[in-house]
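**Q** no sequence for this one, just the structure:
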């Protein structure tokens, strides 16, 4: 394994637990502990614990922090109350996506969670656009551990290690509390389509909290286990959550990716004018979900055909354990994006029948 890969503070625990470690976004991460399908189902039925410390965290503070973020991201952060959390996009001037982020409004500052593969690029972008604003931008990724605990039994489990009523937290909110004697910031957010939380805390307590959560599950007879990247991908795929480098990147716009709901058009954020111009002119292509009808596995990069003509490309595809189908996401011309449209996926240069279906494949449990 390349020694230049970064490792989270839980790396040794993963190795001791028999996880298969793989390179991901510059990190050596657990892709699976046993079976990705079993880990997927565990999260859907009970609780899954994810080491997502490869993600980045940036604090934004100062007198102009709110106006700065309103220029930087697509969502109107002035609508957010203290302890609110919201999904947003950072866009280039041409309207394509720098990254998708989660923003938390905390007392006295803002907390921005960014993707692992984009950390250096994002922080540079944030600093570049701080000119003219009285703000302080601090990358706290290296000193912060980030975990996700997802599934229908999560709040039963948290009751075992916390005296606060965390189950009363609204969806997309945050709080300060203590878990297993560890001070944390906890957000009722996640990337699986299940209810649950994401947890931020000091690196000094990395293993203490991780093991504390797993031990609490054993004590309370609540099934909880560590979840690898493979199941994390299928869990986010079924509810059609975008992954940077797949459904979104620096060639896609929010309109093409069906993320206009994450944009506040009355705020002059970077890229807004270009996106609105595209809306006026007509969006040339759109992200769609499709179900494979013939036998095969749709993979990223496979071509999409209609009546023998190549019209698009698959950006993600796999077997969905909950929905029990082989499915994918692809970009196709807008006039072909309607549900029910029959297409072919070119698998090893052979057309395999598929049909465009309504997204998401799996409705998030909290909706």
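**A** Structure received. Because the structure is a prediction, the values reported are computed rather than measured. Residues are numbered from 1 along each chain as shown.
**Q** What segments of the stretch 101-250 of the chain are helices?
**A** Using DSSP state H, counting those that start in this stretch, the helices of the stretch 101-250 of the chain run over residues 119-128, 154-158, 206-219, 229-237.
**Q** Just put those in JSON lines and tack on mean neighbour count and mean pLDDT.
**A** For every residue, glycine as well, the C-beta is placed using N, CA and C. Below are these laid out as JSON lines (neighbours: other Cβ atoms under 10 Å; pLDDT from 0 to 100):
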{"stretch": "helix 119-128", "mean neighbour count": "16", "mean pLDDT": "98"}
{"stretch": "helix 154-158", "mean neighbour count": "22", "mean pLDDT": "97"}
{"stretch": "helix 206-219", "mean neighbour count": "17", "mean pLDDT": "98"}
{"stretch": "helix 229-237", "mean neighbour count": "23", "mean pLDDT": "98"}
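**Q** so how far is the strand of greatest length in the chain from its chain's centroid?
**A** Longest strand in the chain by number of residues (criterion: DSSP state E): strand 309-320. In terms of Cα atoms, centre = their mean, to the nearest Å, the centre of strand 309-320 is found 20 Å from the chain centre.
**Q** after that strand comes which helix or strand?
**A** strand 325-333 (DSSP states H and E).
**Q** So which elements touch that next one?
**A** strand 285-292, strand 303-306, strand 309-320, strand 342-347, strand 350-357 (3 or more Cβ pairs under 8 Å, 6 or more residues apart in numbering; DSSP states H and E).
**Q** quick one: low-confidence ranges for the stretch 151-300 of the chain?
**A** Counting by pLDDT under 70, not a single residue of the stretch 151-300 of the chain qualifies.
**Q** Which of the helices and strands packed on strand 325-333 sits closest to residue 118?
**A** strand 309-320 (16.8 Å; Cβ to Cβ).
**Q** pretty sure residue 336 is touching residue 342, no?
**A** No. Judged on Cβ atoms under 8 Å, residue 336 makes no contact with residue 342 at a distance of 9.7 Å.
**Q** hey, what's in contact with both of these two?
**A** 306, 356 (Cβ atoms under 8 Å, 6 or more residues apart in numbering).
**Q** And those two? Which one has more around it.
**A** For the pair residue 336 and residue 342, the greater number of neighbours falls to residue 336 (18 against 13), based on other Cβ atoms under 10 Å.
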